[in-house]
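>>> compute the structure for the input listed below.
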Amino acid sequence: MAKYPFESIEPKWQRYWAEHQTFRAIEDPAFPKDRRRYVLDMFPYPSGQGLHVGHPEGYIATDIYCRYLRMKGFNVLHPMGFDAFGLPAENYAIKTGTHPTVTTAANINKFRQQINSFGFSYDWDREVDTSNPDYYRWTQWIFLKLFEKGLAYEAESPINWCPSCKTGLANEEVKDGCCERCGTKVTRKRIRQWILRITAYAERLLEDLDGLDWPEPVKLMQRNWIGRSEGANVVFKVDLSTCPLVSSSAKLPNQETGDLFIEVYTTRPDTLFGATYMVLAPEHPLVATITGPEQQAAVAAYLEEAAKKSDLERTDLAKTKTGVFSGAYAINPVNGARIPIWIADYVLISYGTGAIMAVPAHDERDWDFAKAFNLPIIQVVSPTAPDKMLENPQDSPKVNAFGVGQCTAAYGYAVNSGPFTGMPTAEAQKAVTAWLEERGLGKKAVNYKLRDWIFSRQRYWGEPIPVVHCEKCGIQALPERELPLRLPEVRSYLPTGTGESPLAAIEGWVNTRCPQCGGPAKRETNTMPQWAGSCWYYLRYLDPQNDRAFAGRDKIDYWAPVDLYVGGNEHAVLHLLYARFWHKVLYDLGLVNIKEPFQRLVNQGMILGEDNQKMSKSRGNVINPDNIIGEYGADSLRVYEMFMGPLEVTKPWTTAGLVGASRFLERLWAIAEKCRPAPVDGPAEAAPGDLVRLLHKTIKKLSRDTETLSFNTAISAMMIYSNELARLQAVPRSLWEPLVQMISPYAPHLGEELWEKLGHSESVFRSAWPVWDEALCTENEALIVVQVNGKIRDKFNAPAGTGKAELETRARALPGVAKWIEGRRIVKLIAVPGKLVNIVVA
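Purely as a prediction, here's the structure:
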């Protein structure tokens with residue numbers, strides 16, 4: 001048997017596809033909207049390490065799907081590009097002195113070569129590189145649109161700070177208290193930042209999830225990250241007699257009365273009567289105002305310590321509660337009680353108002369804090385209605401410093417709550433909120449955990465932010481004609497660590513003129529984060545050479561939205577949320593045709609090393625695809641990765657499985673040698689009826705499994721069918737040619753070669769996908785299993801549709817059954833047509 005010569009076949013067909021532009025997509029009006037498909041992979045960051053075998057898993061899946069769609073008569077857009085800005089290239093530049101442009105270009109070339117070695121059907125004419133000025137010109141243009149709409153603003157704020165990367169991080173880039181990129185423990189730093197007002201779109205980002213065909217876990221992650229809740233904003237009046245630093249000249253919220261208020265957000269206004277103290281976040285603007293002279297030193301020391309902690313350390317990871325008394329008191333608006341105001345880092349300035357009313361009997365964090373600092377605990381919710389308590393005194397709430405035995409946030413009935421006592425929780429929430437609104441002490445409110453997006457980075461290798469700072473005019477946007485604002489050449493890429501990027505040291509670039517008044521101005525020296533370019537790249541693919549717009553509206557209307565988007569679930573609350581936000585802004589500006597960018601999302605599972613661990617250089621378990629392709633061929637690697645298991649699940653790599661996939665392709669190559677050389681358009685040869693039926697069943701299964709991305713079961717069906725063909729001395733063309741078409745999306749190089757051997761001059765991907773005959777997919781016979789007292793004793797074949805009576809008669813006559821029922825009384829006999837007969841004997 002001749003060996004399958006993948007070494008020569010694979011380069012041959014890759015050259016053919018490139019020369020003939022086989023997969024070039026054009027906006028052909030002959031294809032109606034329902035016959036067009038935009039299929040997209042999450043584009044890679046071109047690191048110096050190149051790909052390992054886990055990276056292309058999603059690419060293989062989309063490639064199979066796209067090739068199948070083309071054969072089904074669809075116009076398919078399937079592009080590829082590179083997410084090229086980012087810290088690794090800059091860090092490498094710092095280490096070696098090589099400009100990031102040079103290393104990025106080299107890495108892109110390496111990635112492109114590796115990707116091409118798999119034989120993917122990308123339209124390379126549409127390639128994008130987010131670090132190319134022709135691309136980031138439009139990233140800057142979109143930023144200016146955000147700025148014009150008031151969705152981009154500058155503020156000095158406490159941010160997550162990575163001491164190693166020396167840059168600010170968004171909340172989404174902090175994992176378990178550490179920098180997602182380098183693993184360094186994150187601290188807090190207050191610096192000047194550009195921020196995007198993503199919170200303005202919180203409700204729409206939440207609502208529009210319902211219409212998306214996305215995995216439920218991803219939608220749940222976004223819902224939780226957005227974190228919508230309903231409750232009330234409540235104002236607590238500060239007892240100014242306890243704040244000697246507040247004078248009549250102080251700037252107070254209510255200048256007419258001279259009062260000072262602290263506003264809190266709560267989801268449980270029904271528990272207000274149980275608020276026994278208040279807590280301000282260390283960053284709250286009123287901390288300095290209300291702190292008493294005796295407490296100033298302790299408060300200052302506490303603020304310094306709190307600034308060193310990440311949000312995660314202050315909340316989820318905090319094993320013990322810490323805090324300091326401010327020396328001030330506030331008045332509980334529902335009962336007039338005077339309650340102390342504390343400062344504690346378990347309250348975050350980024351959630352709600354940065355201040356809370358503490359109800360320790362019904363909030364676990366407040367309970368722990370109250371226990372630690374000996375603060376009062378009052379139960380105001382009971383599982384038992386008050387009238388029942390009179391009948392059962394043991395159920396009455398205990399009201400004293402530590403009289404409540406446990407904390408619970410469960411709903412129940414209001415107790416110790418004045419006129420609201422006895423109300424069920426839901427009723428009490430509404431009633432208390434209405435009471436507050438009537439008296440101007442609060443109002444119904446909706447809150448979100450989602451915070452505005454910290455957008456700027458204090459690094460070099462990113463898109464320059466196209467604004468200038470003018471002492472006379474303030475922040476001014478660059479005119480569109482000056483875009484792109486290019487990155488300058490620099491000698492040092494070292495971040496300053498002070499909050500300024502390396503760009504700040506380049507006076508010739510920084511110093512400029514104000515576009516408004518013409519006076520001296522300074523350019524913005526922060527740059528955009530890596531996420532900026534990936535927020536809209538799917539739109540640039542539609543019209544990558546357009547120098548008048550980010551994409552022509554005719555191209556957007558033809559292709560958008562993305563019909564299938566495949567990538568890892570690690571981007572659930574990063575790229576996917578940010579891209580949805582930018583897209584909605586573009587939609588509001590009338591620049592795109594639909595509210596959501598990605599209609600269907602599929603997350604591929606991870607491929608682990610042979611040791612069942614995540615592949616990494618440190619573990620030494622990385623499998624290089626270049627080596628695998630060199631030894632087994634790209635088609636073997638493609639088929640193996642899809643055969644490992646369902647696309648969405650995590651699975652370990654095994655070389656033995658790869659060998660099995662290679663043998664399968666070798667078998668197909670051998671079958672081709674046995675195919676009868678009937679002419680392409682000649683009459684069909686006679687073929688065994690059972691194989692004709694199996695062929696049509698295989699076509700049906702392949703079609704449905706490929707449509708649903710169930711590639712492992714599709715490959716299994718082809719293996720079963722090919723096994724039957726391999727048994728034949730000579731294989732009829734009518735049985736072989738459809739299999740060649742079906743294997744082609746999965747093993748495209750082999751498919752093209754086998755198609756050519758059959759006498760075809762055009763690519764197999766120009767042929768129509770085979771069609772099954774439903775009549776030939778219906779079973780004529782069924783295997784009937786016969787059990788006696790639950791054990792299988794015999795089997796027989798019966799024509800489809802055989803009735804129960806005949807099945808019972810035939811089952812009792814079987815030799816394997818007769819000896820078990822002879823002389824015994826049959827207690828029960830159950831016949832299930834098409835499946836089994838079950839006999840129960842005494």
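>>> give the contact list for the residue nearest in space to the middle of the chain.
Geometric centre of the chain, nearest residue: Ala572, 1.9 Å, by CA atoms, centre = their mean. Contact analysis of Ala572 by CB atoms under 8 Å, 6 or more residues apart in numbering lists Pro217, Val218, Met221, Gln222. Backbone N, C-alpha and C define where each C-beta goes, glycine included.
>>> what's the helix or strand for the last one?
For Gln222, the enclosing helix or strand under DSSP states H and E is helix 216-226.
>>> which positions in that helix come out as buried?
By 16 or more other CB atoms under 10 Å, the buried positions in helix 216-226 come out as Val218, Lys219, Met221, Gln222, Trp225, Ile226.
>>> please tell me how far Phe43 sits from Cys535.
12 Å (CB to CB, to the nearest Å).
>>> of those two, give the one with the bigger neighbour count.
The neighbour comparison of Phe43 against Cys535 (other CB atoms under 10 Å) goes to Cys535, with 26 against 23.
>>> any idea how far the closest residue to the more buried one other than its chain neighbours is from Leu691?
Spatially, and ignoring its direct neighbours in sequence, Cys535 is nearest to Trp582 (4.1 Å; CB to CB, 6 or more residues apart in numbering). Counting by CB to CB, the gap from Trp582 to Leu691 is 54 Å.
>>> more neighbours, the two?
For Trp582 and Leu691, the more surrounded residue by other CB under 10 Å is Trp582, and the numbers stand at 26 against 19.
>>> contacting residues for that one?
Ile142, Leu146, Cys535, Trp536.
>>> ok, and the closest non-adjacent residue to the last one?
In this structure, Trp536 finds its nearest non-sequential neighbour in Trp582, 5.7 Å apart by CB to CB, 6+ apart.
>>> Three-state assignment for that neighbour, please.
State at Trp582, reduced to three classes by DSSP: H, G, I helix; E, B strand; the rest coil: helix.
>>> distance of it relative to Gly657?
41 Å.
>>> can you check Ser716 too?
From Ser716 to Gly657 the distance is 13 Å (CB to CB).
>>> which residues are in contact with both of those two?
Phe643.
>>> quick check: which element contains Asp554?
helix 553-559.
>>> pull the residues that contact that helix.
Glu27, Arg36, Tyr38, Leu77, Leu539, Leu542, Asp543, Asn546, Leu591, Val592, Asn593.
>>> show the backbone phi and psi for the first one.
So the one you mean is Glu27. With angles defined as degrees, to the nearest 10, Glu27 sits at phi -80, psi 70.
>>> which residue, other than its chain neighbours, is closest to it?
Glu27's closest residue in space is Tyr558 (CB to CB, 6+ apart), at 4.6 Å.
>>> what's the burial count for the one you found?
22.
>>> so the residue nearest to the centre of the chain versus Ser47, what's the distance?
For Ala572, the distance to Ser47 - CB to CB - is 22 Å.
>>> could you do Asn569 as well?
Counting by CB to CB, the gap from Asn569 to Ser47 is 20 Å.
>>> ok, residues contacting stretch 416-429?
231-232, 268-270, 272-274, 334-335, 378-381, 385-387, 397, 399, 411-415, 431-432, 435.
>>> buried subset of those as a PyMOL selection?
Per 16+ other CB under 10 Å, the buried members of the contacts of stretch 416-429 correspond to this PyMOL selection:
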select buried, resi 231+232+268+269+270+272+273+274+334+378+379+380+381+385+386+397+399+412+413+414+415+431+432+435
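>>> of the contacts of stretch 416-429, which belong to strands?
Gly231, Ala232, Ile378, Val381, Val399, Tyr413, Ala414 (DSSP state E).
>>> okay, and Ile671 sits in which element?
Ile671 belongs to helix 655-672, assigned by DSSP H and E.
>>> return the list of helices and strands in contact with that helix.
helix 625-632, helix 634-643, helix 711-726, helix 733-743, helix 748-757 (3 or more CB pairs under 8 Å, 6 or more residues apart in numbering; DSSP states H and E).
>>> need those helices in a markdown table (columns: distance to Ala521, mean neighbour count and mean pLDDT).
What follows is those, written out as a markdown table (distance: least, CB to CB, whole Å; neighbours: other CB atoms under 10 Å; pLDDT from 0 to 100):
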| stretch | distance to Ala521 | mean neighbour count | mean pLDDT |
| --- | --- | --- | --- |
| helix 625-632 | 50 | 17 | 92 |
| helix 634-643 | 54 | 26 | 96 |
| helix 711-726 | 57 | 18 | 96 |
| helix 733-743 | 63 | 22 | 96 |
| helix 748-757 | 56 | 23 | 97 |
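>>> let me have the ones you listed in a markdown table, extended by distance to Asn780.
Converted to a markdown table, these look like this (distance: least, CB to CB, whole Å):
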| stretch | distance to Asn780 |
| --- | --- |
| helix 625-632 | 41 |
| helix 634-643 | 31 |
| helix 711-726 | 17 |
| helix 733-743 | 19 |
| helix 748-757 | 31 |
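>>> nearest to Gly801, of the ones you listed?
helix 711-726 (25.7 Å; CB to CB).
>>> next one: the closest one to chain centre, how far?
Helix 711-726 sits 34 Å away from the centroid of its parent chain (CA atoms, centre = their mean, to the nearest Å).
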